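Peer 1: Here's my sequence, what's the structure:
(chains A and B)
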Amino acid sequence: MIRAVRPKAELLSRALIEKIVDEAFLLLGRHGVFVENAEARRLFREAGMPTDETSFKVLINRRLIEESLEATPLTVTLYDLTGTKEYIVGHDEVHFDPGSAAVRLLDHETQDARLPLTADLVRLARLTEHCANLHFQSTALIASDVPKIIADSYRLFIGLQYCSKPVVTGLFRTGGFRPMAEMLAAVRGGAEELRRKPLAVFDACPSPPLKWSDLTAQSLIDCARAGIPSQLISMGLTGATSPVTLAGTLVQHVAENLAGLVICQMARRGARVIFGGSPAAFDMRKGTTPMGAIETMMIDMAYAQIGKYLKLPTHAYMGLSDAKVNDSQAGLETGMGAVLAALAGINVVSGAGMLDFESTQSLEKLLIDDEICGMAYRLVGGIAQRDEPLALRLFESLGPDGQFLSLPHTRRWYKAEYALTSLADREPYDAWAGQGRTSMAERAHGRLERLLAAPAPLLVEPGLQRELRRIMESDAEANGAGALPGEAG
Amino acid sequence: MESRERLLAAMTEAIVAGDKTAAETLAGQALSAGLDPHEVIEKGYIPGIRKVGELWESGEYFLPELIGSAECMKAALAVLKPALGAARAKELSRGKVVIGTIEGDIHDIGKNLVAAMLSANGFDVLDLGADVKPARFIEAAREAEADFICLSALLTTTMLNQRRVIEGLKERGLRERFKVLVGGAPVTRKWAEDIGADGYGENALAAVKLAVELGPKGRFR
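Peer 2: Residues are numbered from 1 along each chain as shown, chains lettered A, B, ... in the order given. Next up, the predicted model:
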């Protein structure tokens, strides 16, 4: 049998990759990086790097970067809540997850973006559980009914109870690490078990150009020591906080991520690191950060290609849109992004559900995007030889009516060959009109209501649930945050 | 006479073209030639920045041109203002602005754009940078005898701190002394109203228009 070719898209020539990486090395060695975190600077100093305690500037030489790259695992394996289902993050594996940390939610009834509540966070986690093509969950909404001091840990607290998938998350404060790591360890039954079977990835974003803040560098260090993978999210804005040329921005992107990777490896050799990002082609008219611009996607695909060249797992914010509602633009940008990310073989693709420059989540869009991701998976599945001969024998058994529908062969293969859809409209015109002339978003809302009408399954046994609540409440108490809001919607 | 006209036209052109070296050099030449700095600003440079605004409005200019020309204007004014004398400089100014990105927020692209456009349009701008504590805004505004306090925020979480500046002003009995303008990606007109700000600008040019409307009327126009 002839196996399917995995379709792939690559933007950079080998020569250009080498040039970008070389300039990134030179940039770190000559210009250096601003490191606000004292412990990270101490690690650099101990590694023999010139470190200025006044300007916080650190120069990183080629040898240290190369050693750090060598120490970084080629793949990261994440495990679901039960610790039984594993997901390889690396090679050309693709895992989609909801775009994270939205500060607003598109309300389907009013079609207006409003502040999200805990009940919305619960609904989002429950829907993510249902989305077959979203392999991971993310702490995708910032609930406005909890004090902001505990907003980071609270998202994880909810996510772990209502969705069993591995979590893409991150910190808003240095103090958030301990309760979050405790919750993850509680799920696994101990810190060592968590190290063996990671359940979550923590995003850490350098500030462009070439700065690692106190919080983000500390996150890298804490995660490395706890065995939690860090996802490096460089996010230059072309022509605003990074060079305007795509190749120039890639130099900065690679340099920022490599500086973060070195911090991880200095904190603990062998730390798991994912080479990610959220750059944007800065809009020179509006001063905004379009994630749906084709140039943004080109930068994403290119740095991911460089990540693969450096033998690292990769991540990008793709498959999302800057539209404010679920309109044509939302579908266009999300569809392009998801397909391109899959073709580029990006390992973690964050974006589902997201609108408005990574600021607004839509539960309806989450379901629509799940279908888009399904199509992207089908695409990279390619075309394989299913049987021998391919078709010749079928024509011998074909009846005089010349139809294939009744052939056992059709029944045998149609599900494997086609991604089934439920939200895309494939009705004849009159049937569509007869069913109320609905838009895709309206159909998604109908599906959402059906899915959420059932009671939430109990994913976490009561003892563990109490333990998670204890950790969350003690975090709230330590920060003077008071009682937690109810979770019922 | 003719060379004076040519000089003024070249100044306008330098601003429109975003040629910082030319803008600075021409300002120096005007002073050496004994021209009145006030007239040079009004007839040489201001027509340039006004033209830039028009080109922006018509969609021909984008942010790189806008910010580039604003920087040229700033450079030329830096040469000419000392020669004006304090009294005339004050007379020319459209008002004094204290600006910064609010505490907890290190993003400053938006704030830099607004600061550049305000100073290019005749405001005296004191830029406090990013991650600025509410109390620092108030102290700086008081010391500088500012007309405006401009607060920027990119994050929804830090936006909340904009309210603290207004509350701090009220506590100190200074609320009426300053106009407080707010802006930034998550900021809306409704938010500005909720926290009792004096105005909200959705982009840098809107901020300039707002400040011109609300400010003490300088002769810079």
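
Peer 1: and the closest residue to residue A:213 other than its chain neighbours, what is it in contact with?
Peer 2: Leaving aside its sequence neighbours, residue A:213 sits nearest to residue A:36 (Cβ to Cβ, 6 or more residues apart in numbering or on different chains; 5.1 Å). The C-beta positions use only the backbone N, C-alpha and C, and glycine is treated the same way. For residue A:36, the contacting residues are A:56, A:211, A:212, A:213, A:214, A:217, by Cβ atoms under 8 Å, 6 or more residues apart in numbering or on different chains.

Peer 1: Closest one of those residues to chain B?
Peer 2: For chain B, the nearest member of the contacts of residue A:36 is residue A:213. The distance, counting by Cβ to the nearest Cβ, is 7.1 Å.

Peer 1: Do I have it right that that closest one meets residue A:204?
Peer 2: No. Using Cβ atoms under 8 Å as the test, residue A:213 is too far from residue A:204 to be in contact (9.3 Å).

Peer 1: more neighbours, the two?
Peer 2: residue A:204 (28 against 17; other Cβ atoms under 10 Å in any protein chain shown).

Peer 1: Could I get the phi/psi values of that one?
Peer 2: Per-residue torsions, residue A:204: phi -140, psi 120 (degrees, to the nearest 10).

Peer 1: Distance check, it against chain B.
Peer 2: When Cβ to the nearest Cβ, to the nearest Å is the yardstick, residue A:204 and chain B sit 15 Å from each other.

Peer 1: try residue A:12
Peer 2: Residue A:12 sits at a distance of 26 Å from chain B (criterion: Cβ to the nearest Cβ).

Peer 1: can you tell me how far residue A:33 sits from residue A:358?
Peer 2: In this structure, residue A:33 lies at 24 Å from residue A:358, with Cβ to Cβ, to the nearest Å as the measure.

Peer 1: Same check on residue A:164?
Peer 2: Summarising the geometry, the distance separating residue A:164 from residue A:358, computed by Cβ to Cβ, is 25 Å.

Peer 1: what's the answer for residue A:28, then?
Peer 2: Distance from residue A:28 to residue A:358, counting by Cβ to Cβ: 27 Å.

Peer 1: neighbour count winner among these two?
Peer 2: Just comparing residue A:28 and residue A:358: by other Cβ under 10 Å the higher neighbour count belongs to residue A:28, 25 against 22.

Peer 1: so what's the backbone phi/psi at that one?
Peer 2: phi -70, psi -30.

Peer 1: Which residue, neighbours along the chain excluded, lies closest to it?
Peer 2: In space, residue A:28 comes closest to residue A:60 once its chain neighbours are excluded; the distance is 4.3 Å by Cβ to Cβ, 6+ apart.

Peer 1: repeat for residue A:432
Peer 2: The shortest distance from residue A:432 to any non-neighbouring residue, by Cβ to Cβ, 6+ apart, is to residue A:425 (5.9 Å).

Peer 1: Now do the lengthiest helix in chain B: which elements does it pack against?
Peer 2: Scanning chain B for the longest helix, with DSSP state H as the assignment, gives helix B:63-84. If you count contacts as 3 or more Cβ pairs under 8 Å, 6 or more residues apart in numbering or on different chains; DSSP states H and E, helix B:63-84 packs onto helix B:2-17, helix B:20-32, helix B:37-40, helix B:46-57, helix B:109-120.

Peer 1: So which of those is nearest residue A:132?
Peer 2: Closest to residue A:132 of the helices and strands packed on helix B:63-84, according to Cβ to Cβ: helix B:109-120, at 39.5 Å.

Peer 1: elements contacting the closest one?
Peer 2: helix B:63-84, strand B:96-101, strand B:124-127, strand B:148-152, helix B:204-214.

Peer 1: most centrally placed residue in the chain?
Peer 2: Let's take chain A. Taking Cα atoms, centre = their mean as the criterion, residue A:350 is the residue nearest the geometric centre of chain A, at 2.8 Å.

Peer 1: Can you look at chain B instead?
Peer 2: The centre of chain B sits closest to residue B:118, judged by Cα atoms, centre = their mean, with a distance of 1.5 Å.

Peer 1: contacting residues around that one?
Peer 2: B:97, B:99, B:125, B:150, B:207, B:208, B:211.

Peer 1: neighbours around the first one, how many?
Peer 2: In other words, residue B:97. Counted with other Cβ under 10 Å, residues neighbouring residue B:97 total 28.

Peer 1: Grab the nearest non-local neighbour of it.
Peer 2: On the basis of Cβ to Cβ, 6+ apart, the spatially nearest residue to residue B:97 that is not a chain neighbour turns out to be residue B:148, at 4.4 Å.

Peer 1: low-scoring stretches of chain B, by residue?
Peer 2: B:1-2, B:106, B:156-157, B:217-221 (pLDDT under 70).
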